[in-house]
Structures are given as C-alpha cells and as structure tokens.
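In: Sequence isn't available, so here's the structure alone:
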C-alpha cells in the first residue's frame, strides 16, 4: 500500500496530495502538501482524469495531442498514456512525436544548432550570442499538452529546455523505446507548476506557479 493510501486510511486527510517544484537551479526545497492543503484555486488551473495504469504505482493521464505554434500533433490512442513523474528529470516521448516537435521548434528558434554532449539530447543550440536570458526564453515557443477532457497544460521555455554548459541549451526531452506503452512527463517539465492529485476522485490538476520570485535566477542558466 502506498504512503498516500496509508495516510488516507489512517487519517481524515483523504488520498489527496500536491507538490510545487522549484526550478532545478534553485537551492531550495519544493513544497509537498496533503489533505485540504493540497488544493489550488487559480482560475487558470486545469484538471484531467487519471487513467488506469499498467503499473499501479504510476499516476497516468491521457495525452491526446501536442500543440506548438499553429501545429497540432495528434497522439494515437495506443500511445496516449503519459506518466506524471516528479522523480524522473527528463520528459520521454515516442520517437514519432518527438521528431515532429523538434522540427517545429527548430523552425522557430533562429540560433546555430549544435550537438549535445554524447549526442543524447535531440535539439541543442549555441546560446553564446544571447546577452540576455529573457531574449532566449522569448525565442522558445510554448508547448501545449492537450490531455483528456480538454485540459491544456502549457510548458514554457524553462519546462522544455535546459542549459547543459555555459554556451549550450538543449531540449529536455528524450525518446522512449518503440515498445514502451507509455511516455513520461518529467520534473523539468513540471517546474513552476502546482500539481494536485486526488486519488479518490481520480483527477490531476495543473496550475502555473512562480517559485522563482524569492530566488533570483543565475544570469547564465536557462
């Protein structure tokens, strides 16, 4: 039995919890709440339904499509399972979807494309010419995840790209194996986001948050 189920069975808190992850460059702890404290009241919060998972301990939602700029990439039903996992850093998507996303993003960002260390990450740029971090962030398009029930989770620049060295930024997405029945939404994608799980109602709620205001961003990182 999971910790959340044990808490729900032994207390009046129910099987409800939430977290809000600080950005990876911030030296601070993220918040974890239970019961009535695990709630979000923001008007831009979106809710989707948990779907049956192939592994009981995974919290899984249905990813129906991805939108970047004016392009929409539809997910086949047999590959729509998306695990929301705060314990995995990178996001993992199926090759076909990732290839389409890389092509669309690369058409938007007008920087010199370079290879990542070990050629692992799919899309990297030389960012040495960018004198201000905010300019680079504005060049990176939003990635919108359309989930079951019409919930749209918007990933900003800091959710989709990471700085791998002083001069290189890369898309923080890798591929899952062709035979994998699910994809993974990792912790980088969930930074500055309030995520609420209600296991009794079988829902997950996402709301944008800003955990950087108390922690100034280092000038060279993205």
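Out: Received the coordinates, thanks. None of these values were measured; they are calculated from a predicted model.

In: Can you list the strands that the helix or strand encompassing residue 17 pairs with?
Out: Per DSSP states H and E, residue 17 falls inside strand 16-20. Sheet pairing for strand 16-20, assigned by DSSP bridges, gives strand 31-34 (antiparallel), strand 193-198 (antiparallel).

In: Could I get the average pLDDT for the first one?
Out: Per-region confidence: strand 31-34 scores 86 on mean pLDDT.

In: Nearest residue to the middle of this protein?
Out: residue 189 (2.3 Å; C-alpha atoms, centre = their mean).

In: Distance from the chain centre to the longest strand along the chain, please.
Out: In terms of residue count, the longest strand belonging to the chain (DSSP state E) is strand 60-68. Taking C-alpha atoms, centre = their mean, to the nearest Å, one finds strand 60-68 lying 11 Å from the centre of the chain it belongs to.

In: The next helix or strand after that strand: which residues count as buried?
Out: Next along the chain after strand 60-68, taking DSSP H and E as the criterion, comes strand 71-74. Within strand 71-74, the residues scored as buried using 16 or more other C-beta atoms under 10 Å are residue 73. Backbone N, C-alpha and C define where each C-beta goes, glycine included.

In: Okay, now the sheet partners of the helix or strand just after strand 71-74, with direction.
Out: Scanning forward in sequence from strand 71-74 by DSSP H and E, the next helix or strand is strand 81-84. Partners of strand 81-84 in the sheet, by DSSP bridges, are strand 60-68 (antiparallel), strand 183-185 (parallel).

In: Any idea which helix or strand in this protein has the lowest mean pLDDT?
Out: Ranking every helix and strand in the chain by mean pLDDT, DSSP states H and E puts helix 3-10 at the bottom, with a mean of 48.

In: give me phi/psi at residue 160?
Out: phi -120, psi -20 (degrees, to the nearest 10).

In: quick one: the nearest residue to it once chain neighbours are set aside and residue 172, what's the gap?
Out: The shortest distance from residue 160 to any non-neighbouring residue, by C-beta to C-beta, 6 or more residues apart in numbering, is to residue 143 (5.4 Å). As judged by C-beta to C-beta, to the nearest Å, residue 143 and residue 172 stand 11 Å apart.

In: mean confidence score for the lengthiest helix in the chain?
Out: Of all the elements of type helix in the chain, the one with the most residues (DSSP state H) is helix 95-108. Throughout helix 95-108, pLDDT has a mean value of 96.

In: What residues sit buried inside it?
Out: 97-98, 100-101, 104-105.

In: Check the spacing between the residue nearest to residue 160 and residue 128 real quick.
Out: Distance of residue 143 to residue 128, given as C-beta to C-beta: 24 Å.
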